[in-house]
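# Okay, predicted coordinates and the sequence, questions at the end:
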Amino acid sequence: MGQLSQSSESASTPDWLLAREAALLAPYAMASAHSRGRVHPEPPHLYRGPFQRDRDRILHCAAFRRLAQKTQVFTGHGLGDYHRTRLTHTLEGTSIARTIGRVLRLNEDLIEALMLLHDIGHPPFGHAGEDALDDCLAGQGGFDHNAQALRIVTLLAQRTPRYPGLNLSQEVLAGQARRVKNSVANPLAGQSGLLARIATVEADVVDAADSIAYDSHDPDDALHYGLISLAELNEVPLWALAARQVRARHANLDNRELRQAVVHELINLQVVDLIQTSQARLGGADVTATDAATSGSGVIGMSSELTELCLGLERFLYERVYRHPQLLSARSQFEAQLRTLFAVYLAEPELLPPKFQIWAGTFGLPRAIGDYIAGMTDRFALAEHGRLSGG
Ligand code: MG
């Protein structure tokens, strides 16, 4: 792909959008007029700003639609269909992030684009799939779903014959690039210096909203499926605090009503605390975007009290939910199936679709297989495993 350029849509951002953002956005927000633009310059759109176009490109790509059939935490096998999929997690996170962004007067279009993008690189079967691919690709720098999202939007997705990928704005690429831990598999690793300088408060909000979403919905799903009990959760201080607040408003709730009310209260507690804490930190008269978003500045965040409570809940979820024997056994089964699939394609590359056979010529066979498997839904991966392994 081309180097990141400094082409900008700002000179031709529609007047109505400039006026709208000038009236609504805070000085530390990422205004569309200040976008560094796209690698491949494009004429402006009459009715949509650059980050609206980014959001729409992500929303309309196949990798986004496949989130509907990908595991967040629960696969549903033998459990039911109550749980969040990666798509509904993404949408819950988007709603939370936009609420925060609107109050803090940030660019909601950029927030929405970043949140819709953040999980599209996940392989089937959640972290089990990620671990399997990371092992299979150990000799090629491993696998990281955050880097995979960048591979999709810069290389794999094809929306026009003029360039590979979605040609997203640099602020969107930068927001995703900073999530990547594994630089080897990151297609933008060569540009990490430039991208690191594009820090936005909007990306901080997206990270926070992602955590708020799963800290709230994972206990709900785990309770519904009976992996944990209300009594166990009542030992967790954040859950107990939310439950006290619910009981103060409503007497005589049954367990199901209580669970749902506490989940809503958990989201509300975290969002309100994050907004108020961040507002106080942003209240300084001359906070610039760079001050506010410099990595590790901690401007966007919750109070130390609530941060501690959230960590307690996350520790509980890690020990009692994510490592629940029932999930671990499904997890090892799915990991084994993906390893088998990988080995079958490695031994017989002609089984790959033609696009990925060509891809192997450019990026090597193992990475091409990784890209193909990462793009599968849970259902497709199971069917493919059944078909190719005869099992
Ligand atoms: Mg997420």
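Noted; the coordinates are in hand. Residues are numbered from 1 along each chain as shown.

# What ranges in the protein fall below the confidence cut-off?
1-12, 76, 182-185, 192-193, 284-297, 391 (pLDDT under 70).

# cutoff 80 now
Where the chain drops to pLDDT under 80, the residues are 1-13, 75-79, 181-196, 283-298, 390-391.

# So what does residue 165 have for phi and psi?
The phi and psi values for residue 165, taken as degrees, to the nearest 10, are phi 80, psi -170.

# hey, what's it bridged with?
residue 158 (DSSP bridges).

# list the contacts for it?
Contacts for residue 165 (CB atoms under 8 Å, 6 or more residues apart in numbering) come out as 1, 152-159. Bear in mind the C-beta positions are built from the backbone N, C-alpha and C, glycine included.

# mind giving me CSV with those and columns for neighbour count and distance to residue 305?
Below are the contacts of residue 165 laid out as CSV (neighbours: other CB atoms under 10 Å; distance: CB to CB, whole Å):
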residue, neighbour count, distance to residue 305
1, 15, 45
152, 24, 39
153, 28, 38
154, 22, 41
155, 16, 44
156, 24, 43
157, 22, 42
158, 13, 48
159, 14, 46
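
# Count the residues that sit near the closest residue to residue 32 other than its chain neighbours.
Counting by CB to CB, 6 or more residues apart in numbering, residue 32 lies nearest to residue 49, which is 4.2 Å off, once chain neighbours are set aside. Residue 49: 26 surrounding residues under other CB atoms under 10 Å.

# same thing with residue 280?
By other CB under 10 Å, 11 other residues sit near residue 280.

# how close does it sit to residue 274?
11 Å (CB to CB, to the nearest Å).

# now swap in residue 163 and tell me
On the measure of CB to CB, residue 163 and residue 274 end up 37 Å apart.

# Just want to know which of these two has more residues nearby.
More neighbours surround residue 274 than the other of residue 163 and residue 274, with 27 against 16 (other CB under 10 Å).

# My guess is the more buried one contacts residue 207. True?
No - with contacts counted by CB atoms under 8 Å, residue 274 stays clear of residue 207, the gap being 11.1 Å.

# OK, contacts around the residue nearest to residue 32?
For residue 49, the contacting residues are 13-14, 17, 21, 32, 109, by CB under 8 Å, 6+ apart.

# From residue 109, how far out is it?
For residue 49 relative to residue 109 (CB to CB), the value is 6 Å.

# what residues are shared contacts of these two?
Contacts common to residue 49 and residue 109, judged by CB under 8 Å, 6+ apart, are residue 32.

# check contacts around the nearest residue to residue 153 once chain neighbours are set aside.
Nearest residue to residue 153 in three dimensions, chain neighbours excluded: residue 166, at 4.7 Å (CB to CB, 6+ apart). Counting by CB under 8 Å, 6+ apart, residue 166 touches 54, 57-58, 61, 153-154, 157, 159.

# Now with 10 Å, please.
Neighbouring residues of residue 166 by CB atoms under 10 Å, 6 or more residues apart in numbering: 38, 53-54, 56-58, 60-61, 63, 117, 152-154, 156-160, 172-173.

# Phi and psi next, for the residue nearest the centre of the chain.
Against the mean C-alpha coordinate of the chain, by CA atoms, centre = their mean, the closest residue is residue 118 at 2.7 Å. Torsion angles at residue 118 (phi, psi; degrees, to the nearest 10) stand at phi -60, psi -30.

# Same check on residue 163?
Main-chain torsions, residue 163, degrees, to the nearest 10: phi -160, psi 160.

# Give the burial count for residue 261, as a bare number.
When neighbours are counted by other CB under 10 Å, residue 261 registers 18.

# what about the residue nearest to residue 125 when sequence neighbours are not counted, distance to the ion?
Excluding the flanking residues, the one nearest residue 125 by CB to CB, 6+ apart is residue 334, at 4.0 Å. Noted for residue 334: a distance of 19 Å to the ion, by CB to the ion, to the nearest Å.

# tell me which parts of the chain are close to the ion?
Selection of the chain residues close to the ion by CB under 5 Å from the ion yields 119, 210.

# buried set for the helix of greatest length in the chain?
For the chain, the longest helix by residue count, based on DSSP state H, is helix 255-282. Using 16 or more other CB atoms under 10 Å as the test for burial, helix 255-282 gives 258-259, 261-263, 265-267, 269-271, 273-275, 277-278, 282.

# tell me the contacts of the residue of the stretch 201-350 of the chain found nearest the ion?
Using CB to the ion, the single residue of the stretch 201-350 of the chain nearest to the ion is residue 210, 4.3 Å away. Each residue near residue 210 by CB under 10 Å, 6+ apart is listed here: 89-90, 92-94, 96-97, 114-115, 118-119, 179.

# Narrow the residues you listed to those in helices?
Among the contacts of residue 210, the ones falling in helices (DSSP H) are 89-90, 92-94, 96-97, 114-115.

# Need these in TSV (columns: neighbour count and distance to residue 44).
Putting the ones in helices among the contacts of residue 210 into TSV (neighbours: other CB under 10 Å; distance: CB to CB, whole Å) gives the following:
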residue	neighbour count	distance to residue 44
89	23	33
90	25	28
92	20	32
93	24	29
94	23	25
96	24	30
97	27	25
114	30	21
115	30	24
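
# before we move on, back to that, can you read off the backbone torsions of the residue nearest to residue 32?
According to degrees, to the nearest 10, residue 49 has phi -80, psi 170.

# Which residues are in contact with the closest residue to residue 230 other than its chain neighbours?
In space, and not counting its chain neighbours, residue 230 is closest to residue 255: 6.0 Å by CB to CB, 6+ apart. By CB under 10 Å, 6+ apart, the contact set of residue 255 is 223, 229-230.

# Adding secondary structure, write these out as a markdown table.
Shown next, in a markdown table, are these (DSSP: H, G, I helix; E, B strand; the rest coil):
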| residue | secondary structure |
| --- | --- |
| 223 | helix |
| 229 | coil |
| 230 | helix |
